[in-house]
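Peer 1: The sequence and its predicted three-dimensional model are supplied below.
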Amino acid sequence: MAFTKRQLPKKSESLSDWYNAVVLLAELADYGPAKGTMIFRPAGYGIWELIQQAMDKEIKKSGVENAYFPLFIPESLMHKEKEHVEGFAPQLAVVTIGGGEELKERLVVRPTSETIMYQAYARWIQSWRDLPVLINQWNNVVRWEKRTYLFLRTTEFLWQEGHCAHATHEESQERVQWGIEMYAKIYKDFLALPGVIGTKSESEKFAGGDATLTYEILMPEGKVLQGCTSHDLGQNFSKAQNIKFQDKQGQNQFVWQNSWGFSTRSIGAMLMAHGDDAGLTLPPKVAPTQAVIIPVTQDEEVLAAAKKLSGELGDVRVKVDTREGESLGFKINKWELRGVPLRIEVGKQEMASGKFRMVRRDTGEVVEGEVKGILDQIQDDMLAKQEKFLAENTHEVADYEQFKETMENKRGFIKAFWCENAECETRIKEETKASTRCLPVDAKEESGKCVYCGKVAKYKWLFALAY
RNA sequence: CGGGGUGUAAUUCAUCGGUAGAAUGCUCGGUUUGGGACCGAGAUGCACAGGGUUCAAUUCCCUGCACCCCGACCA
């Protein structure tokens, strides 16, 4: 689609209209012809590639190897773990016809790969010497979501899913912890998105798992998005799929497992969090184009100077906008919309002075200095801004009245004592729409009273309106 | 999957029971260019799909589908 920023709704007025428009106008994504599907255009896929590169390095560094498992899962396999299949059943896409004939056994398009990977693990793992199994895969999965949203919730999405099997629970739990911390690092250092690491409640945890660690991100309108998760699967799947090994004493043991996933949803969160009325603002580390050089005129010497400059910026990802027939103002607006972190203008003035006019996308400030350093500064400032927002919108409440009042007027994270009884959780959700997001990992044990029922509560949980 | 809304050019929309129009975008020519330039000439439509009603449907009705908004589900 052609570029027209005039059509961009104001972020400050309507976040979802702004988001939908900006993603299309900035040419990050487009709608696919089938329901709920999306096309990742080069500008959008480029962001994912940068995230992948950074994360893949971390994954491999920790000893996990990449592999690939099939897209289709025989339906019977899905049914091995009861809670798992029940949790995913409403979201499955199932192939019933192949080669023009009705299939004897229907094939589920993977919504996640636990079952198909673990049937192989069951064969691969025999001895304590075969452990740990440390495997990750970068792939696509399909979940038939009722309500879709570009990047944030699509029928098919891209992600990585790590699946490890260990001899002991402790070792598996370490990996679960490692996963969420690695994700938090990517979110903070690359996407400039601070969040809260915590444990999911019983009702919110992964279907078939024992415990789920999550990274929860506060979005601009005060709703909270589950950024990614790392699950302690205990022995649920190993018992269901008979993944056993003989230990050093010759005893048969079930393995302890974990899985952890990080999806293209992260891009959506990042786009929504940063940006303003003029368009996107990409954190430099995940911006496919980190700096754009705009020749002010189409004069040959100006174009030559712009091209020369682009060659002098080392490994900065830079683009020179030599497109004809667009005025300076038009180009500036175009690149602002696309969120390129730094704009460099090259014209007669710059050629005379030898100093290029550089403008930061995030603040609009005119800056001087070395490009690499400026980009690092932008990255840091963008994170700091989000951290401030997160801190300012985390509200501790003493009683239920305050809870309701905060949900109605401020939203954001609400920190309150909860007795961990599912009934209180459900009631709170029904009455205020706020659900438990997590028990932060750094929460201290205290003696308090549940904000809802007044019974003994040990911890302050985080509640929020979920995305 | 429940409630609401919308489907007309690439996009945003107008129109009208008698088979379509604007703005933006696109193409060409020219003049321009320091925060969305201008003039001129063009190209672009099975009016979402299928069924009705009607002499005649893009328009009215039904069904389906898609998209958007609000719920429930969710990385």
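Peer 2: Here it is on my side, so go on. Residues are numbered from 1 along each chain as shown, chains lettered A, B, ... in the order given.
Peer 1: all contacts plus neighbour counts: C-alpha atoms, from now on.
Peer 2: Noted.
Peer 1: Could I get the pLDDT score of the residue nearest the centre of chain A?
Peer 2: Centrality entry for chain A: nearest residue to the mean C-alpha point is residue A:266, 2.2 Å, by CA atoms, centre = their mean. In this model, residue A:266 is scored at 94, pLDDT.
Peer 1: list the contacts for the residue nearest to it when sequence neighbours are not counted?
Peer 2: Nearest residue to residue A:266, sequence neighbours excluded (CA to CA, 6 or more residues apart in numbering): residue A:227, at 6.2 Å. Residue A:227 is in contact with A:214, A:215, A:216, A:217, A:262, A:265, A:266, A:269, counting by CA atoms under 8 Å, 6 or more residues apart in numbering.
Peer 1: Surely residue A:227 forms part of a helix?
Peer 2: No - assignment of residue A:227 by DSSP: H, G, I helix; E, B strand; the rest coil gives strand, placing it outside any helix.
Peer 1: Do you know the pLDDT at it?
Peer 2: pLDDT at residue A:227 comes out at 92.
Peer 1: end to end, how far does stretch A:205-224 reach?
Peer 2: Stretch A:205-224 has an end-to-end distance of 16 Å (CA to CA, to the nearest Å).
Peer 1: Pull out the buried positions in that stretch.
Peer 2: Within stretch A:205-224, the residues that qualify as buried are A:205-209, A:211-220, A:222-224, counting by 16 or more other CA atoms under 10 Å.
Peer 1: Give me the mean pLDDT for it.
Peer 2: Here the average pLDDT along stretch A:205-224 is 92.
Peer 1: could the contacts of residue A:227 go into a markdown table alongside distance to residue A:126?
Peer 2: Formatted as a markdown table, the contacts of residue A:227 follow (distance: CA to CA, whole Å):
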| residue | distance to residue A:126 |
| --- | --- |
| A:214 | 32 |
| A:215 | 34 |
| A:216 | 38 |
| A:217 | 41 |
| A:262 | 30 |
| A:265 | 37 |
| A:266 | 37 |
| A:269 | 42 |
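Peer 1: And for the closest residue to residue A:124 other than its chain neighbours, the neighbour number?
Peer 2: Using CA to CA, 6+ apart and skipping the chain neighbours, the partner closest in space to residue A:124 is residue A:130 (7.5 Å). Applying other CA atoms under 10 Å, we find 15 residues neighbouring residue A:130.
Peer 1: Could I get the phi/psi values of residue A:130?
Peer 2: Backbone geometry at residue A:130, expressed as degrees, to the nearest 10, gives phi -80, psi 0.
Peer 1: Any figure for the gap between it and RNA strand B?
Peer 2: Remark: distance between residue A:130 and RNA strand B (CA to the nearest atom of the strand, to the nearest Å) = 29 Å.
Peer 1: and what of residue A:237?
Peer 2: Distance from residue A:237 to RNA strand B, by CA to the nearest atom of the strand: 16 Å.
Peer 1: in what helix or strand does that residue lie?
Peer 2: helix A:236-241 (DSSP states H and E).
Peer 1: Tell me which other helices or strands that helix touches.
Peer 2: helix A:114-124, strand A:256-263 (3 or more CA pairs under 8 Å, 6 or more residues apart in numbering; DSSP states H and E).
Peer 1: follow-up on the earlier one: filter the contacts of residue A:227 down to the ones near RNA strand B?
Peer 2: A:262, A:265 (CA under 7 Å from any atom of the strand).
Peer 1: Looking at the contacts of residue A:227, which are in strands?
Peer 2: A:214, A:215, A:216, A:217, A:262 (DSSP state E).
Peer 1: Ends of stretch A:52-68, what's the gap?
Peer 2: Termini of stretch A:52-68 sit 16 Å apart (CA to CA).
Peer 1: rewinding a little: not counting whatever helix or strand comes next after the helix holding residue A:237 itself, show me its contacts.
Peer 2: Tracing the chain past helix A:236-241, the next element assigned as helix or strand by DSSP H and E is strand A:244-246. For strand A:244-246, contacts defined as CA under 8 Å, 6+ apart pick out A:122, A:125, A:126, A:127, A:128, A:238, A:252, A:253, A:254, A:255.
Peer 1: 10 Å instead, please
Peer 2: A:121-131, A:167, A:238, A:251-256 (CA atoms under 10 Å, 6 or more residues apart in numbering).
Peer 1: Please apply the same query to stretch A:86-95.
Peer 2: A:72-75, A:78-79, A:83, A:85, A:102-103, A:105-112, A:142-146, A:155, A:206-208.
Peer 1: hmm, which of the residues you listed are the buried ones?
Peer 2: Counted by 16+ other CA under 10 Å, the contacts of stretch A:86-95 give A:72-75, A:78, A:85, A:106-112, A:142-145, A:155, A:206-208 as buried.
Peer 1: Next one: the residue of chain A positioned farthest from its centre, what pLDDT does it get?
Peer 2: What lies farthest from the middle of chain A is residue A:352; by CA atoms, centre = their mean that is 45.5 Å. pLDDT for residue A:352: 90.
Peer 1: looking at this, it is in a strand?
Peer 2: No - using three-state DSSP, the assignment for residue A:352 is helix, not a strand.
Peer 1: buried stuff in stretch A:301-321?
Peer 2: Going by neighbour count (16+ other CA under 10 Å), the buried part of stretch A:301-321 is A:302, A:303, A:305, A:306, A:307, A:309, A:310, A:316, A:318, A:319, A:320, A:321.
Peer 1: Could I get the CA-only coordinates of that stretch as CSV?
Peer 2: The C-alpha trace of stretch A:301-321 is given here as CSV (Å, rounded to 0.1, in the frame of the first residue of the first chain):
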residue,chain,number,x,y,z
GLU,A,301,27.0,16.6,-5.4
VAL,A,302,24.5,16.3,-2.6
LEU,A,303,23.6,12.8,-3.6
ALA,A,304,27.3,12.0,-3.8
ALA,A,305,27.9,13.4,-0.3
ALA,A,306,25.0,11.4,1.1
LYS,A,307,26.3,8.2,-0.4
LYS,A,308,29.8,8.9,0.8
LEU,A,309,28.5,9.4,4.3
SER,A,310,26.6,6.2,4.3
GLY,A,311,29.8,4.4,3.5
GLU,A,312,31.5,6.0,6.5
LEU,A,313,29.2,4.8,9.2
GLY,A,314,30.8,1.4,9.7
ASP,A,315,28.3,-1.3,10.7
VAL,A,316,25.4,1.1,11.3
ARG,A,317,22.4,-0.2,9.3
VAL,A,318,21.9,2.8,7.1
LYS,A,319,19.7,3.7,4.2
VAL,A,320,20.0,6.7,1.8
ASP,A,321,16.6,8.0,0.6
